[in-house]
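Chemist: This is a predicted model, with the sequence first.
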Amino acid sequence: MTAARFLLPLGLALLGACATQPGNVVNLEEQAQCPVNLQVGQTLNLTLPSNPSTGYRWLLQNPATAILRSLGPEVYSNPQTAGIVGSAGQSVWRFQAQAAGEGHLLLVYQQPWAPEVRPVQTFDCVITVR
């Protein structure tokens with residue numbers, strides 16, 4: 001067997017093992033979906049409406065680091081169909097459940113330069129990892 005005939009199936013098997021399985025991802029889009037129960041190793045995708053052109057941003061106040069591990073920074077996108085500059089979009093955060101326990105995932109929607117002003121919105125979700 002040549003090296004290429006051996007490496008190709010091995011590479012495909014490894015890629016398949018690294019892919020996120022649909023059952024391993026929990027999508028959270030509103031406070032009404034809380035509390036959330038996760039298993040260690042599951043991925044949590046948090047998507048919230050956002051419009052940074054107004055000066056407001058979602059700020060992570062408590063990322064529940066005892067039970068969740070961040071998989072990267074916030075990713076903002078706006079729908080291509082909007083076609084209007086300054087239109088609202090969404091912010092997405094990805095976390096992985098890393099340890100059993102309970103915590104609060106807390107974000108506030110406010111202008112970062114005015115922390116003394118009360119947030120316009122708060123997202124507070126109890127997360128339980130088993």
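Modeler: Looks like it came in fine. Residues are numbered from 1 along each chain as shown.

Chemist: and residue 32, that's in a strand?
Modeler: No - secondary structure of residue 32 (DSSP: H, G, I helix; E, B strand; the rest coil): helix, not part of a strand.

Chemist: Residue 98 and residue 60, how far apart?
Modeler: As judged by C-beta to C-beta, to the nearest Å, residue 98 and residue 60 stand 16 Å apart. Just so you know, the C-beta spots here come from the backbone N, C-alpha and C atoms, and that holds for glycine as well.

Chemist: same question, residue 110
Modeler: Distance from residue 110 to residue 60, counting by C-beta to C-beta: 12 Å.

Chemist: Now do the helices in the chain.
Modeler: Using DSSP state H, the helices assigned to the chain run over residues 3-18.

Chemist: what residue ranges in it score low on pLDDT?
Modeler: 1-23, 80-86 (pLDDT under 70).

Chemist: List the residues that contact the closest residue in space to residue 106 that isn't next to it in sequence.
Modeler: Nearest in space to residue 106, with sequence neighbours left out and distances taken as C-beta to C-beta, 6 or more residues apart in numbering, is residue 62 at 3.9 Å. Residue 62 makes contacts with 103, 104, 105, 106, as judged by C-beta atoms under 8 Å, 6 or more residues apart in numbering.
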